[in-house]
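S.K.: Here's my sequence, what's the structure:
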Amino acid sequence: MSKDYYATLGVAKDAEADAIKKAYRKLALKHHPDKNPGDKKAEEKFKEITEAYAVLSDPEKRRQYDQFGESGFHQRYSQEDIYRNFNGADVFREFGFDSDDIFARIFGGLGGRSSFFGGRPQPIKGQDYVMHLSIPFRLAMEGGKQRVDYRSEQGLENLQVTIPAGMESGQKLRIAGKGGPSPTGGPSGDLFLEVNVAPDPTFSRDGRDLTVKVTVPFSGACLGCSAEVPTLQGSKRIKVPAGMQNGGKIRLKGYGVPASRGQAAGDLYALIEVAVPTRLNAEQKALLKELQALGL
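M.R.: Numbering: from 1, shown residues only. From the prediction side, this is the model:
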């Protein structure tokens with residue numbers, strides 16, 4: 001189920017920490033189980049707003065949520081991760097809630113009266129690792145498999161990583177359980193691969209759109225012509241209209257970054273470069289002089 005934490009708390013995306021805290025307090029008082037005994041909807045709402053507050057009240061978790069969006073955030077953070085370092089007991093006492101038992105029952109899936117409620121500490125998850133990964137442009141566009149050589153506490157490991165289509169530099173892939181070991185027997189941390197997409201000699205990228213340079217002769221720009229345009233799917237012939245200017249663009253709808261993860265395919269723009277000859281033979285010079293005399 002999609003979770004828009006800002007909408008859940010009824011605050012703007014640029015809301016200050018105090019506004020977020022105030023919004024949570026108001027909603028928590030309204031939906032608190034003590035005020036709504038036996039009301040499962042109120043209990044679920046209370047869980048939703050508490051989860052939203054646990055994320056948005058933590059600067060790092062909020063930054064990750066804002067950067068990667070709802071889907072990307074939940075690929076990186078489990079339910080346990082969301083509540084890590086969130087001391088529910090302190091928060092609830094600050095808001096005037098005295099009973100920990102209510103919260104232990106509602107959030108029992110997080111370990112009952114665990115460290116979330118200020119009780120006995122639970123096993124600590126191991127440290128997360130971050131590794132930089134460079135991938136070819138075509139792999140980033142189309143997706144596929146990439147081998148990663150990774151040195152862990154167990155030695156050198158070879159991982160086969162799935163690269164989703166449409167990846168951009170700066171995005172991260174989470175490999176669960178490949179981080180550091182837990183010092184207390186808990187789960188291992190995760191490995192985050194920060195992706196850098198290598199530049200391509202043919203295509204440049206802007207969001208989900210691609211641009212490719214296409215050279216046409218001077219006469220073709222004046223009179224119109226056809227031209228071959230490289231695309232990710234192979235070469236495509238297009239019509240260049242008469243009077244095309246140097247630097248003009250022709251759009252090829254759907255030939256940009258392929259559709260993926262619920263996003264439509266981008267577009268490809270052919271950037272027209274008009275070739276002006278540097279050397280002319282006698283016949284060409286004569287013809288151009290005639291055109292010049294006619295005002296061209």
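S.K.: switch to C-alpha atoms for all contacts and neighbour counts from now on
M.R.: OK.
S.K.: the helices in this structure, which residues?
M.R.: Using DSSP state H, the helices found in the chain span residues 5-9, 17-31, 40-56, 59-76, 79-83, 88-94, 100-106, 137-142, 218-223, 282-293.
S.K.: Of all those helices, which one is nearest Ser204?
M.R.: Nearest to Ser204 among those is helix 137-142 (9.6 Å), distances taken as Cα to Cα.
S.K.: Check the offset of that closest one from the chain's centre.
M.R.: 15 Å (Cα atoms, centre = their mean, to the nearest Å).
S.K.: got it, and stretch 262-274?
M.R.: Remark: stretch 262-274 is offset 20 Å from the chain centroid, using Cα atoms, centre = their mean.
S.K.: quick revisit: out of the helices of the chain, nearest to Leu191?
M.R.: helix 59-76 (9.9 Å).
S.K.: Now do the buried residues in that closest one.
M.R.: By 16 or more other Cα atoms under 10 Å, the buried positions in helix 59-76 come out as Lys61, Arg62, Gln64, Tyr65, Gly72, Phe73, His74, Arg76.
S.K.: Quick check: the spatially closest residue to the first one that is not a sequence neighbour vs Asp66, distance?
M.R.: When the adjacent residues along the chain are set aside, Lys61 lies closest to Val55, with 5.5 Å between them (Cα to Cα, 6 or more residues apart in numbering). Between Val55 and Asp66 the distance, using Cα to Cα, to the nearest Å, works out to 11 Å.
S.K.: any residues in contact with both of those two?
M.R.: Shared contacts of Val55 and Asp66 (Cα atoms under 8 Å, 6 or more residues apart in numbering): none.
S.K.: for the stretch 51-200 of the chain, which spans come out with low pLDDT?
M.R.: For the stretch 51-200 of the chain, the stretches flagged by pLDDT under 70 are 87-123.
S.K.: 80 instead?
M.R.: Along the stretch 51-200 of the chain, the parts satisfying pLDDT under 80 run over 68, 71-72, 74-81, 83-125, 152-154, 182-186.
S.K.: And the buried residues of helix 59-76, which is closest to Gly256?
M.R.: Checking the buried residues of helix 59-76 against Gly256 with Cα to Cα, the nearest one is Gly72 at 22.0 Å.
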